[in-house]
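J.: Fold the following, please.
(chains A and B)
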Amino acid sequence: DTEVTQTPKHLVMGMTNKKSLKCEQHMGHRAMYWYKQKAKKPPELMFVYSYEKLSINESVPSRFSPECPNSSLLNLHLHALQPEDSALYLCASSQDRQRNQPQHFGDGTRLSIL
Amino acid sequence: DQQVKQNSPSLSVQEGRISILNCDYTNSMFDYFLWYKKYPAEGPTFLISISSIKDKNEDGRFTVFLNKSAKHLSLHIVPSQPGDSAVYFCAASEPSYNAGNNRKLIWGLGTSLAVNP
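T.: Predicted coordinates for the structure are as follows:
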């Protein structure tokens, strides 16, 4: 069982749709991450939130918009995505972004863009 | 250029034997190393980590060895079980020195382990 919960597990959307991915953790972690993973590749970092503030944006296109409403929740708002954005989107959390602590991952949202 | 390299894309081992997964890195500033296991359709699961001040860390069937002079680490799984069949990722990070930087993970490309009954 993962302690990072992501919803939905699967999402199919058209290029003009707006949808959101959600992530929740109750481990008291103060750093939360969004990753994108393509088949047979390692996860690619997209965003990092630290103490509910955006700390890192890895030059992600603006059609992806992260939000951290509180220390337990992380959202990723999607709008006008392209077919190449189809991937597994992973959320992770860690105790603190700067200390030697592992990141713990959710099971991801499998996103398909039609 | 790949700072963390897993040169074996796949490995096949008999159940009960030892699995040894290898990882090489080029950045001498890396001071924290992790191994993750990934099943299809699931997120990566943290297995074990090691700080650069150590050369070995053990957790049950899993042991990670770090050779800093060779910039090499390995994950040993003993005994291997069919449920260990998965993709294993090596990852590393270096200290961040200002408030604006995050301790990012730099990932290898993974090794697919198959444990045969």
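
J.: three-state assignment of A:K40?
T.: Here A:K40 is coil, with the state taken from DSSP: H, G, I helix; E, B strand; the rest coil.

J.: Quick check: it touching B:G110?
T.: Yes - here A:K40 lies in contact with B:G110, judged by Cβ atoms under 8 Å, at a distance of 7.5 Å. All C-beta spots, glycine's among them, are computed from the backbone N, C-alpha and C.

J.: And these two? Which one has more around it.
T.: Using other Cβ atoms under 10 Å in any protein chain shown as the criterion, A:K40 and B:G110 rank with B:G110 on top: 23 against 10.

J.: for chain B, what are the nearby residues on chain A?
T.: Neighbours of chain B within chain A, by Cβ under 8 Å from any Cβ of the partner chain: A:2, A:4, A:6, A:31, A:40-43, A:45, A:48, A:50, A:55-56, A:90, A:92, A:97-100, A:102-108, A:110.

J.: Apply the buried test to those and list what passes.
T.: With burial judged by 16 or more other Cβ atoms under 10 Å in any protein chain shown, the buried subset of the residues of chain A next to chain B is A:4, A:6, A:31, A:42-43, A:45, A:48, A:50, A:55-56, A:90, A:92, A:97-98, A:100, A:102-108, A:110.

J.: Among those residues, which ones are in helices?
T.: Per DSSP state H, helices hold no members of those.

J.: Narrow those to those in strands?
T.: Cross-referencing these against strands under DSSP state E gives A:4, A:6, A:31, A:45, A:48, A:50, A:55-56, A:90, A:92, A:104-105, A:110.
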